[in-house]
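**Student:** Next one to model:
(chains A and B)
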Amino acid sequence: GAVVSQHPSWVICKSGTSVKIECRSLDFQATTMFWYRQFPKQSLMLMATSNEGSKATYEQGVEKDKFLINHASLTLSTLTVTSAHPEDSSFYICSASSGLLANYGYTFGSGTRLTVV
Amino acid sequence: GNSVTQMEGPVTLSEEAFLTINCTYTATGYPSLFWYVQYPGEGLQLLLKATKADDKGSNKGFEATYRKETTSFHLEKGSVQVSDSAVYFCAHQGNTPLVFGKGTRLSVIA
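**Tutor:** Next up, the predicted model:
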């Protein structure tokens, strides 16, 4: 079945540094990738949708200059948290699909726990 | 707007008990409906889905039926196991990306 690999699974960084999270589709071409953020005991909040080769579409309230998303190929999307601060500490999850609609299927990565100290 | 409302947890059950987690949705048109499961420290896994009214999704003993008249997609399992302990998310998708409910934490004790 479809597999999405997300790396790293956890990272601790100092305040003010940048962190890159990778999301790879291993056995299918992901034309669309989604990035979510999950706070403890809460639901997933969609941050942005990215289509291969084009700029990401950010949800309202998400700072595009802080959360840089690159989707340069059909198998890789990256999320870079720039100048991270403690309030950016969260669980970030990517999801990949071969299309925008759910009938194409969504596959989720295993998530990245970011802790900013 | 589009939204998903599911019962708040946590839900604690004894092994072999019957499980129901309620989920209702608000959406335009006829969205596809999903249940995802998140085990501790992991990402989300699709548990089951239904794409049209009266469809029943099922997997690993879990079932949910797409009820258009009540805009519901309640999750049920006849006999839960300790290994079912996780957070369960109801979600729908119409012409937008997935919209998730807040999740329901299930704890099954032996």
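**Student:** which stretches of the chain form strands?
**Tutor:** I went with chain A, as the question did not name one. A:4-7, A:10-13, A:19-25, A:32-38, A:44-51, A:57-58, A:67-73, A:76-81, A:90-97, A:107-108, A:112-116 (DSSP state E).
**Student:** To clarify, I was referring to chain B.
**Tutor:** Secondary structure of chain B by DSSP E: the strands cover B:3-6, B:11-14, B:19-21, B:23-26, B:32-38, B:44-50, B:56-59, B:62-65, B:75-77, B:86-93, B:99-100, B:104-109.
**Student:** Could you give the bridge partners of B:Arg62?
**Tutor:** No, residue B:62 isn't Arg; it's Phe. Counting by DSSP bridges, B:Phe62 forms beta bridges with B:Asn59, B:Lys77.
**Student:** nope, A:Asn70 is what I meant
**Tutor:** A:Thr78.
**Student:** before we move on, the earlier item: a markdown table for the strands of chain A, including mean pLDDT and mean neighbour count?
**Tutor:** All C-beta spots, glycine's among them, are computed from the backbone N, C-alpha and C. Formatted as a markdown table, these follow (pLDDT from 0 to 100; neighbours: other Cβ atoms under 10 Å in any protein chain shown):
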| stretch | mean pLDDT | mean neighbour count |
| --- | --- | --- |
| strand A:4-7 | 93 | 19 |
| strand A:10-13 | 96 | 14 |
| strand A:19-25 | 95 | 21 |
| strand A:32-38 | 92 | 24 |
| strand A:44-51 | 90 | 21 |
| strand A:57-58 | 94 | 16 |
| strand A:67-73 | 91 | 18 |
| strand A:76-81 | 96 | 22 |
| strand A:90-97 | 91 | 25 |
| strand A:107-108 | 88 | 23 |
| strand A:112-116 | 95 | 19 |
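**Student:** Any idea which of the ones you listed gets closest to B:Ile21?
**Tutor:** strand A:44-51 (16.7 Å; Cβ to Cβ).
**Student:** which strands and helices sit next to that closest one?
**Tutor:** strand A:32-38, strand A:57-58, strand A:67-73 (3 or more Cβ pairs under 8 Å, 6 or more residues apart in numbering or on different chains; DSSP states H and E).
**Student:** can you list contacts of that strand?
**Tutor:** Under the criterion Cβ atoms under 8 Å, 6 or more residues apart in numbering or on different chains, residues A:31-39, A:56-59, A:62, A:64, A:67, A:69-71, A:77, A:79, A:93, A:100, B:44, B:89, B:97-98, B:100 lie in contact with strand A:44-51.
**Student:** tell me which residues of stretch B:36-53 are tucked away?
**Tutor:** Neighbour counts using 16 or more other Cβ atoms under 10 Å in any protein chain shown place B:Tyr36, B:Val37, B:Gln38, B:Glu42, B:Gly43, B:Leu44, B:Leu46, B:Leu47, B:Leu48, B:Lys49, B:Ala50 of stretch B:36-53 among the buried residues.
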